[in-house]
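return atomic coordinates for the entry below.
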Amino acid sequence: MGLLALRSAVRPYLESLAPGDTVAVAVSGGADSLALAGAVALEAKKLTLKVIGVTVDHQLQLGSSEQASIVVKQLQELGITESIVKKVDVVMHDGLEASARRARYAAFEEITADAIFLGHTKDDQAETVLLGLARGSGGRSLSGMAAQTGKYIRPLLAISRKETIAACQELKVKPWTDPHNFDNSFLRVRVREKVIPLMEDELGPGIVDALVRTANLLRDDSDALDAQAREFWNKDQSLAVDELEQLPRAVRTRVLRIAIREFGGEPLSMDQVAAVEALVTNWKGQGEVSVPGGVKVSRISGRLSLSKR
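Residues are numbered from 1 along each chain as shown. Okay, the predicted model is just below:
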């Protein structure tokens with residue numbers, strides 16, 4: 001049953017691709033990504049698609065190179081004969097998990113493929129929502145991971161971890177257990193191993209499904225607000241203060257994020273957005289606001305002006 005559910009999940013995404021396209025499947029060797037690879041390999045046989053495996057060696061654990069080699073052999077057993085192993089150096093910025101993710105996606109960007117399939121499940125989605133709540137994040141963060149962002153596709157967001165484990169049993173492949181997945185020094189591990197089980201004990205079963213449902217509803221709302229902000233920005237790319245003041249705050253802050261991002265800025269925290277917004281809504285003659293990415297925002301003659309440091 002597990003494998004059938006996974007094949008059904010990946011099928012529409014594969015069918016949306018053009019004949020001859022290249023599909024890369026990111027595989028760590030864990031149950032989720034191995035099951036995904038097996039499902040993609042089986043479904044791709046019906047289509048004229050090229051499937052390759054991609055394994056990222058973060059070089060954070062002893063034997064990581066050997067584990068990458070094992071994954072390549074497992075992919076061959078699943079029918080994926082071409083694989084790429086990318087070794088990366090994880091540069092610490094904001095914690096091991098985030099830094100490793102940054103290095104991993106940088107490696108993915110070097111892969112020539114029309115689509116890159118990722119093995120995130122609905123359990124991962126529920127964890128992401130709870131992490132966003134713990135950090136006091138906004139609606140966009142609480143909406144979790146998108147099923148598709150550009151060439152990145154997450155077809156298993158409605159599939160449980162139990163189903164991927166069952167699929168591996170059907171495929172007769174043995175998943176690797178990453179020791180980091182049981183290291184309670186990581187917040188995500190504590191959410192997975194302690195918080196969600198406690199919530200299910202105290203509130204009843206179905207917590208994961210409820211969190212995923214919340215994420216989907218918030219994503220619809222966030223997408224609608226993003227579309228309004230984009231429409232406003234595309235109309236004349238104006239940062240006239242009187243026009244910004246007329247916008248609902250949820251739209252105004254999104255317009256500011258878009259403007260700063262397109263000027264070369266980096267993603268902003270809520271505090272940074274609030275400081276820029278204050279130039280519009282709480283103007284007291286304050287000076288320019290510097291934001292990540294070397295962008296400066298100032299209010300001049302009734303308009304917000306952006307410049308690069």
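
might one say that Gly264 is in contact with Lys296?
No - in this structure, Gly264 is not within contact of Lys296 by CB atoms under 8 Å, at 11.3 Å. Using the backbone N, CA and C atoms, a C-beta is placed for each residue, glycine as well.

surely Val208 is within a helix?
Yes - membership of Val208 in a helix is supported by DSSP: H, G, I helix; E, B strand; the rest coil.

give the contact list for it.
122-123, 126, 160, 196 (CB atoms under 8 Å, 6 or more residues apart in numbering).

is the spatially most central residue of the chain in a helix, a strand, or coil?
Computing the C-alpha centroid of the chain and ranking residues by CA atoms, centre = their mean puts Met145 first, at 4.8 Å. Following three-state DSSP, we place Met145 in the coil state.

backbone dihedrals for it, both of them.
phi -90, psi 140 (degrees, to the nearest 10).

likewise Thr22?
Dihedral angles (degrees, to the nearest 10) for Thr22: phi -100, psi 130.

tally of neighbours for it?
16 (other CB atoms under 10 Å).

and the gap between it and Thr112?
7 Å (CB to CB, to the nearest Å).

what do you get for Ala227?
31 Å.

rewinding a little: mutual contacts of Gly264 and Lys296, please.
With CB under 8 Å, 6+ apart as the test, Gly264 and Lys296 both reach Lys308.

so for those two, which sits in the more crowded spot?
Lys296 (16 against 11).

hmm, Leu256 is touching Val273, no?
Yes - between Leu256 and Val273 there is a contact under CB under 8 Å: 6.2 Å.

more neighbours: which of these two?
Leu256 (28 against 20).

show me where the stretch 51-200 of the chain has its strands.
82-87, 115-117, 148-149, 152-153 (DSSP state E, counting those that start in this stretch).

could the ones you listed go into a markdown table alongside mean pLDDT?
Putting the strands of the stretch 51-200 of the chain into a markdown table (pLDDT from 0 to 100) gives the following:
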| stretch | mean pLDDT |
| --- | --- |
| strand 82-87 | 93 |
| strand 115-117 | 98 |
| strand 148-149 | 95 |
| strand 152-153 | 98 |
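
any idea which of the ones you listed gets closest to Ser301?
Nearest to Ser301 among the strands of the stretch 51-200 of the chain is strand 148-149 (38.0 Å), distances taken as CB to CB.
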